[in-house]
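Chemist: return atomic coordinates for the entry below.
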Amino acid sequence: MGEEIESHGFSREDKALFAERLAQETRLLRDLFAHDGFSRQNPMLGFEIETWILDHNYFPAPINQQVLEALDDPLVVPELSRFNVELNCEPLPLAGEVLSRALGDLSKLWARCNAVAHRLDANLVMIGTLPTIRDEDMSLANISPLNRYYALNREVLRQRRGQALRVDIEGRDHLQSEHFDVMLEAATTSFQTHLKAPAGHARAYYNASIAVSAPVLAAAGNAPFLFGKSLWEETRIPLFEQAVVAPGPPRVSMGSGYAAHSLFEVFEENARVYDSLLPMVFDAPAQEFRHLRLHNGVIWRWNRPLVGFDDDGAPHLRIEHRILPAGPTLVDMIANAALYLGLTRALAMGSKDGTGALAFDDAVANFYAAARHGLDARLTWPGADVVNAGTLLAERLIPMAREGLADFGVAEDGFLDIVAARVRTRQTGAAWQRRALEKRGDLFKMMAAYCEGQRCGAPVHEWSA
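Modeler: I've put the predicted structure just below:
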């Protein structure tokens with residue numbers, strides 16, 4: 001979805017030719033799986049951070065084009081709205097002090113981006129949903145001027161026959177909102193982890209990513225408010241799922257099940273059951289998988305398999321773990337990544353299919369419970385029946401994550417200690433925001449304190465409400 005396209009309108013002929021190219025590339029991908037044709041290079045790690053651009057009143061500032069032009073850095077790219085940008089980390093070998101290296105790289109990039117924003121009289125802020133955003137901010141007047149975004153909006157509305165997209169979230173408060181565009185998607189900002197997996201273990205890593213999503217999210221919530229309403233600990237989850245709805249199966253979901261035999265099942269399902277949203281036809285060889293990758297890019301599974309390429313051109317498989325929110329700080333996000341990586345490795349290597357014997361339906365139910373209730377969620381877990389998420393993390397899963405990182409050959413560097421302290425103090429980003437609002441009585445004062453905490457850089461469990 002990050003690739004620009006040449007058009008923002010498509011003919012029947014475009015769609016027919018796109019379907020033909022997609023079918024051809026899907027067959028070629030099947031052959032790669034059948035003949036073990038993927039890269040055998042060691043695992044790699046990458047990150048994406050979606051961030052807000054705010055003015056000094058903590059309202060969104062629609063100036064991403066000015067920020068991007070001033071930065072002129074391929075690691076910083078536009079997002080759907082003019083008040084968001086995305087920061088990327090160069091892929092790193094998944095070994096040794098990779099977590100500390102990633103934190104160092106992201107810290108340098110973050111500082112440089114914020115310096116540019118400051119020169120434009122704005123600030124960059126990492127937070128899952130922006131408490132001070134207004135419903136009227138989510139309009140096409142604030143869409144980034146790229147063809148792919150106009151095309152996405154047009155096709156979703158066309159497939160919906162012009163019917164409004166309706167968000168209805170029942171949390172501590174009740175939010176209802178209708179929009180005749182896809183801009184509500186821009187109200188969610190995430191921290192996405194990319195795990196390049198050896199092809200032989202990719203299915204296990206994918207299944208494990210699904211299984212661990214709930215406890216990882218429970219420890220990481222940072223999106224309790226939207227449009228002045230107090231909702232879920234991770235309001236991003238229902239918001240994104242309802243913000244891009246077209247006929248057919250859900251575009252944003254956990255998918256239809258674990259991978260039974262290989263990740264090819266996911267790509268085959270994509271081609272079989274999802275209509276194309278961006279049927280742009282490329283003049284490119286099938287081996288580049290341009291059409292398959294574009295089609296996959298507008299199916300937003302919370303754990304999404306990706307096809308990419310190594311520097312030598314060999315195709316590889318990645319798992320994009322999309323569940324985590326942006327913020328509260330860079331160190332918190334790397335700690336969340338450490339928990340995800342350690343748990344995923346432990347389940348992938350410790351069980352035959354990577355599921356850890358957790359039923360898919362239970363993994364999905366756990367995920368929504370964690371999004372709604374955070375560390376207070378009740379989760380089903382093999383060997384523990386139904387258990388409090390915080391208790392499960394403290395007693396079983398954080399120790400399991402330590403073992404998984406050690407098995408990866410990755411140094412903890414204190415990041416899992418941060419997660420453990422967050423669980424012990426019961427202070428996630430979402431919990432801090434609720435306490436800070438209760439103390440200050442005003443979302444803008446709360447945001448001022450949040451931004452100060454983020455600037456200081458201490459992990460959120462150390463913040464004073």
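
Chemist: got the contact list for the nearest residue to residue 409 once chain neighbours are set aside?
Modeler: Among residues not flanking residue 409 along the chain, residue 95 sits closest, at 4.9 Å (CB to CB, 6 or more residues apart in numbering). In this view, the C-beta of every residue, glycine as well, is placed from N, C-alpha and C. Contact analysis of residue 95 by CB atoms under 8 Å, 6 or more residues apart in numbering lists 42, 43, 408, 409, 410.

Chemist: repeat for residue 416
Modeler: Going by CB under 8 Å, 6+ apart, the list of residues near residue 416 reads 335, 338, 339, 342, 398, 401, 402, 405.

Chemist: between the residues you listed, which sits nearest residue 368?
Modeler: residue 339 (19.2 Å; CB to CB).

Chemist: which of the contacts of residue 416 ranks first by neighbour count?
Modeler: Highest neighbour count within the contacts of residue 416: residue 339, with 31 neighbours (other CB atoms under 10 Å).

Chemist: before we move on, back to that, need the contacts of residue 416 in TSV with secondary structure, can you?
Modeler: TSV is the format used below for these (DSSP: H, G, I helix; E, B strand; the rest coil):
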residue	secondary structure
335	helix
338	helix
339	helix
342	helix
398	helix
401	helix
402	helix
405	helix
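
Chemist: name the helix or strand of the chain that has the lowest mean pLDDT.
Modeler: helix 147-159 (a mean of 89; mean pLDDT, DSSP states H and E).

Chemist: give the buried residues for it.
Modeler: 148, 149, 150, 151, 152, 153, 154, 155, 156, 157 (16 or more other CB atoms under 10 Å).

Chemist: mind listing what's buried in stretch 36-52?
Modeler: 38, 39, 43, 44, 45, 46, 47, 48, 49, 50, 51, 52.

Chemist: by contact count, what packs against whatever helix or strand residue 20 lives in?
Modeler: Assigned by DSSP states H and E, residue 20 belongs to helix 12-34. With contacts taken as 3 or more CB pairs under 8 Å, 6 or more residues apart in numbering; DSSP states H and E, helix 12-34 sits against helix 264-273, helix 290-296.

Chemist: that's a helix at residue 319, yeah?
Modeler: No. Counting by three-state DSSP, residue 319 is not found in a helix; it is strand.

Chemist: and the pLDDT for it?
Modeler: Each residue has a pLDDT score; the one for residue 319 is 98.

Chemist: over to residue 114?
Modeler: 97.

Chemist: same question, the one 5 residues further on
Modeler: Residue 119 is assigned a pLDDT of 97 by the prediction.

Chemist: for it, grab phi and psi.
Modeler: phi -70, psi -20 (degrees, to the nearest 10).

Chemist: for it, which non-adjacent residue is spatially closest?
Modeler: The nearest residue in space to residue 119 (CB to CB, 6+ apart) is residue 70, at 7.1 Å.

Chemist: so who does the one you found touch?
Modeler: Contacts of residue 70 by CB under 8 Å, 6+ apart are 116, 119, 120.

Chemist: with neighbour count and distance to residue 326 added, can I get those in CSV?
Modeler: Formatted as CSV, the contacts of residue 70 follow (neighbours: other CB atoms under 10 Å; distance: CB to CB, whole Å):
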residue, neighbour count, distance to residue 326
116, 19, 18
119, 11, 22
120, 14, 20
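
Chemist: just to revisit the earlier point, for residue 390, find the nearest of the helices and strands packed on helix 12-34.
Modeler: Closest among the helices and strands packed on helix 12-34, using CB to CB: helix 264-273, at 31.8 Å.

Chemist: relative orientation of that closest one and helix 12-34 in degrees?
Modeler: Computed by axes from the mean of the first three to the mean of the last three CA atoms, to 10 degrees, the angle separating helix 264-273 from helix 12-34 equals 160 degrees.

Chemist: tell me which other helices or strands helix 264-273 touches.
Modeler: Counting by 3+ CB pairs under 8 Å, 6+ apart, helix 264-273 packs on helix 12-34, helix 290-296, strand 303-309.

Chemist: winner for burial among these?
Modeler: Comparing those by mean neighbour count (mean count of other CB atoms under 10 Å), helix 290-296 comes out on top with a mean of 22.

Chemist: packing partners of the helix or strand following it?
Modeler: Using DSSP H and E, the helix or strand that follows helix 290-296 towards the C-terminus is strand 300-301. Judged by 3+ CB pairs under 8 Å, 6+ apart, the packing partners of strand 300-301 are strand 252-253.

Chemist: strands paired with the strand it packs on, and their directions?
Modeler: strand 300-301 (parallel) (DSSP bridges).

Chemist: check contacts around residue 239.
Modeler: 129, 167, 169, 184, 187, 188, 226.

Chemist: and these, which of them are in strands?
Modeler: 167, 169, 226 (DSSP state E).

Chemist: partner residues bridging the last one?
Modeler: The bridge-partner assignment for residue 226, based on DSSP bridges, gives residue 229.

Chemist: contact partners for it?
Modeler: 129, 131, 133, 169, 175, 187, 235, 239.

Chemist: report how many residues lie close to residue 248.
Modeler: Neighbour tally, residue 248, other CB under 10 Å: 10.

Chemist: so what does it have for phi and psi?
Modeler: The phi/psi pair for residue 248 (degrees, to the nearest 10) is phi 100, psi -170.

Chemist: surely it is in contact with residue 276?
Modeler: No. If you go by CB atoms under 8 Å, residue 248 and residue 276 don't touch, sitting 11.0 Å apart.

Chemist: how far away from the center of its chain is the least confident helix or strand of the chain?
Modeler: 21 Å (CA atoms, centre = their mean, to the nearest Å).

Chemist: ok, stretch 399-409 next?
Modeler: 23 Å.

Chemist: avg pLDDT for that stretch?
Modeler: On average, stretch 399-409 scores 97.

Chemist: how about that stretch as CSV, C-alpha atoms only?
Modeler: Provided in CSV are the C-alpha atoms of stretch 399-409 (Å, rounded to 0.1, in the frame of the first residue of the first chain):
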residue,chain,number,x,y,z
PRO,A,399,9.5,-15.5,31.4
MET,A,400,8.6,-17.3,28.2
ALA,A,401,9.6,-14.2,26.2
ARG,A,402,13.0,-14.1,27.9
GLU,A,403,13.5,-17.7,26.8
GLY,A,404,12.4,-16.9,23.3
LEU,A,405,14.8,-13.9,22.9
ALA,A,406,17.7,-16.1,24.3
ASP,A,407,16.8,-18.7,21.7
PHE,A,408,16.9,-16.1,19.0
GLY,A,409,20.3,-15.0,20.2
